[in-house]
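Peer 1: Please find the sequence and the predicted model below.
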Amino acid sequence: MQKEPIRKHKMKLKHILYLPLIVLVVTACQKEPNPDEFYQKWSQCRQKNSFDTEATFNHLVGEWKMIATGCGECYSAGVKPSGKNVRLIFTSDSTLQVVEKGQVIRNSKFSIRLTHGSVREIETQPSLDNLYTWGDIEFCENKVGFITSYRDGPDYFFERVDN
């Protein structure tokens, strides 16, 4: 008579042990993001957002969190989700703060400058303080990218933080 409750207990235990296996299989089968698809969508979106220098400055003002990094010509090319806790804070008095893991690691003044064609970049004072913000500024909806992959550099993608 005592064997029956033990048998039921073993059956429940088997079902519980299968749950992590099922979760592992489902997550392993999720589709990896396609870097070419990401850049294609980004390219189509950014073409709709051509701002002048003043509008670029105004659109940057606020807080942004890093969501992805990309590299077109790297050994491990493509766009990857960011594993870093990085935020950029642009203020209307031209201050830029770079925050990593809740700590301000850079504090500088910034301006927007026109480079080639209608492309704009951030210029910082001191000039070496443009960590994560070097490259062409491109907007796509509530995201901003600092793009240098066409120059064999990294791309950094940020999403606006709603306050």
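Peer 2: Structure received.
Peer 1: how far away is residue 120 from residue 83?
Peer 2: Note on residue 120: its distance to residue 83, by Cβ to Cβ, to the nearest Å, is 28 Å. All C-beta spots, glycine's among them, are computed from the backbone N, C-alpha and C.
Peer 1: Looking at these two, which one has more neighbours?
Peer 2: In this view residue 120 and residue 83 are compared by other Cβ atoms under 10 Å, and residue 120 has more residues nearby, 22 against 8.
Peer 1: That one bridge partners, please.
Peer 2: On the basis of DSSP bridges, residue 120 is bridged to residue 114.
Peer 1: dump the residue contacts of it.
Peer 2: Applying Cβ atoms under 8 Å, 6 or more residues apart in numbering to residue 120 gives the contacts 51, 53, 56, 112, 113, 114, 136, 137.
Peer 1: redo that, cut-off 6 Å
Peer 2: Taking Cβ atoms under 6 Å, 6 or more residues apart in numbering, we find residue 120 in contact with 56, 112, 114, 137.
Peer 1: Give the buried subset of those as a PyMOL selection command.
Peer 2: Restricted to buried positions by 16 or more other Cβ atoms under 10 Å, the PyMOL selection for the contacts of residue 120 reads:
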select buried, resi 56+112+137
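Peer 1: Return the item of the contacts of residue 120 having minimum pLDDT.
Peer 2: Within the set of the contacts of residue 120, pLDDT is lowest for residue 114 (85).
Peer 1: In terms of pLDDT, where does residue 159 sit?
Peer 2: If you check residue 159, the pLDDT there is 94.
Peer 1: quick one: which helix or strand includes it?
Peer 2: Using DSSP states H and E, the element containing residue 159 is strand 154-160.
Peer 1: strands paired with that strand, and their directions?
Peer 2: Within its sheet, strand 154-160 is paired with strand 62-71 (antiparallel), strand 143-147 (antiparallel), according to DSSP bridges.
Peer 1: Run through who's touching the shortest one.
Peer 2: By that I understand strand 143-147. Here strand 143-147 makes contact (Cβ under 6 Å, 6+ apart) with 133, 135, 136, 138, 155, 156, 157, 158, 159.
Peer 1: on that earlier part again, show residues contacting the strand holding residue 159.
Peer 2: 62, 64-71, 132, 142-147, 149.
Peer 1: how does it look with 7 Å?
Peer 2: The contact list for strand 154-160 (Cβ atoms under 7 Å, 6 or more residues apart in numbering) reads 62, 64-71, 88, 132, 142-149.
Peer 1: Look up phi and psi at residue 161.
Peer 2: Residue 161 adopts backbone torsions of phi -100, psi 120, taken as degrees, to the nearest 10.
Peer 1: Appreciated, that's everything.
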